[in-house]
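K.L.:
Next input, structure requested:
(chains A and B)
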Amino acid sequence: MDDVPIESGLVLASILFILGMIGVLTRRNIIFMLISVEIMLNAAGLAFIVAGAKWAQADGQVMFIFILTMAAAEVSVGLALILQIYHQLKTLDSDAASKMNG
Amino acid sequence: MEVTFYIASAVAVYATIMVITRHNLIHALLYLVLSFMAVAVVFYILGAPFIAALEVIMYAGAIVVLIIFVIMMLNLKAEAVEQERKWLSRGIFIGPAVLSLILLVELLYVVTASGVSSSGYPMVDAKAVGMSLYGPYVIGVELSGILLMSGIVGAYHLGRQKKKIVHRFLEKAEE
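P.N.:
Numbers count the residues shown, from 1 in each chain, chains lettered A, B, ... in the order given. Here you go, the predicted structure:
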């Protein structure tokens, strides 16, 4: 049975991560930025899974569960922040929130 | 069997590119679900079926639905109906439908062909993950619990909106 080489899995993870990073850097809509962060977290989890498959250990999958937990907490807090920004500024443009006005 | 991995990878990369180049948020979310499902197929091929199920349930299910809820909360305007009609054009669904069909065929092929583990990697099942999660990593589980608790409290605190009081006698009636 032929193996999938571990390099191709890691290359896939890095491509997804870079795509997510491009999304964060180029989009101005704040929900798109949140989605891109999700893509990046997913790519990091994919790298853990690939490494765990390479060594046939469960540790990579445990790490993925932790990343999943963190992503869930992050997206709930991020969406609450988005709601608050939208009610304060009436826009989803992240440039509008460049000053904190503390 | 190796080719299934590369097909799923290509679908994942293409769907992710479509996510970050869409102008419409709902279309982007449609492709985002597809990207997560493609990554779930990759997980299955790599011998992690429990994580593949978790990916579909949590990412493609819970997180995307949460984002859709917020989008729907933000778009409570008069032009929302017109927008909805415009969004439901038929051509939009062709791309995601074709890609998810590819993934479905691939998943059926992987599941039915030659037992469970397909790529040469040994299958690490949910039991091994659970034993590891509640064995050496139990402190991580507790820290995750604290993180989720603070996430709930933070989301509640940030998402709370101040009530607009129009009359001082209505203040008590409102609470």
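
K.L.:
The residue in chain B that chain A sits nearest to and A:I67, how far apart?
P.N.:
Going by CB to the nearest CB, chain A is nearest to B:G151 of chain B, at 3.2 Å. Bear in mind the C-beta positions are built from the backbone N, C-alpha and C, glycine included. Distance of B:G151 to A:I67, computed by CB to CB, to the nearest Å: 14 Å.

K.L.:
for B:A62, same thing?
P.N.:
B:A62 is 14 Å from A:I67, by CB to CB.

K.L.:
higher neighbour count, those two?
P.N.:
Taking neighbours as other CB atoms under 10 Å in any protein chain shown, B:A62 and A:I67 compare with A:I67 leading, 18 against 15.

K.L.:
Enumerate every residue touching residue 16.
P.N.:
With no chain named, the answer covers chain A. A:I39, A:M40, A:N42, A:A43, A:L46, B:A12, B:V13, B:T16, B:S35, B:V39 (CB atoms under 8 Å, 6 or more residues apart in numbering or on different chains).

K.L.:
that's the other chain; I wanted chain B
P.N.:
Per CB under 8 Å, 6+ apart, neighbours of B:T16: A:L16, A:L19, A:G20, A:I39, B:Y31, B:S35.

K.L.:
Can you check my assumption that it lies in a helix?
P.N.:
Yes. Assessed by DSSP: H, G, I helix; E, B strand; the rest coil, B:T16 belongs to a helix.

K.L.:
Low-confidence ranges, chain B, go.
P.N.:
For chain B, applying pLDDT under 70 flags the ranges B:1, B:75-88, B:114-120, B:163-175.

K.L.:
Now do the domain split for it, please.
P.N.:
B:2-124, B:134-175 (automatic domain parsing).

K.L.:
these two touch, right, A:L92 and A:I31?
P.N.:
Yes. Here A:L92 reaches A:I31: they are 6.2 Å apart, a contact under CB atoms under 8 Å.

K.L.:
what sits in contact with each of those two?
P.N.:
The contact sets of A:L92 and A:I31 overlap at A:I82 (CB under 8 Å, 6+ apart).

K.L.:
Helices along chain B, start to end?
P.N.:
Taking DSSP state H to define them, one finds helices in chain B at B:2-21, B:25-45, B:49-54, B:64-74, B:80-87, B:94-112, B:126-133, B:138-159, B:170-174.

K.L.:
Quickly compare those and say which is most buried.
P.N.:
Neighbour counts (mean count of other CB atoms under 10 Å in any protein chain shown) averaged over each of the helices of chain B peak at helix B:25-45, with a mean of 24.

K.L.:
Can you tell me which helices and strands that one packs against?
P.N.:
helix A:6-26, helix A:30-55, helix B:2-21, helix B:49-54, helix B:64-74, helix B:94-112 (3 or more CB pairs under 8 Å, 6 or more residues apart in numbering or on different chains; DSSP states H and E).

K.L.:
how about B:Y14, what does it touch?
P.N.:
B:L99.

K.L.:
Next: the one 5 residues further on.
P.N.:
With contacts defined as CB under 8 Å, 6+ apart, B:V19 is in contact with A:G23, A:I35, A:S36, A:I39, B:A28, B:Y31, B:L32, B:S35.

K.L.:
mind checking how far the fifth one is from A:L34?
P.N.:
With the distance defined as CB to CB, B:A28 ends up 11 Å from A:L34.

K.L.:
Below-threshold pLDDT in chain A: ranges please.
P.N.:
If you take pLDDT under 70 as the line, chain A has these spans: A:1-2, A:100, A:102.
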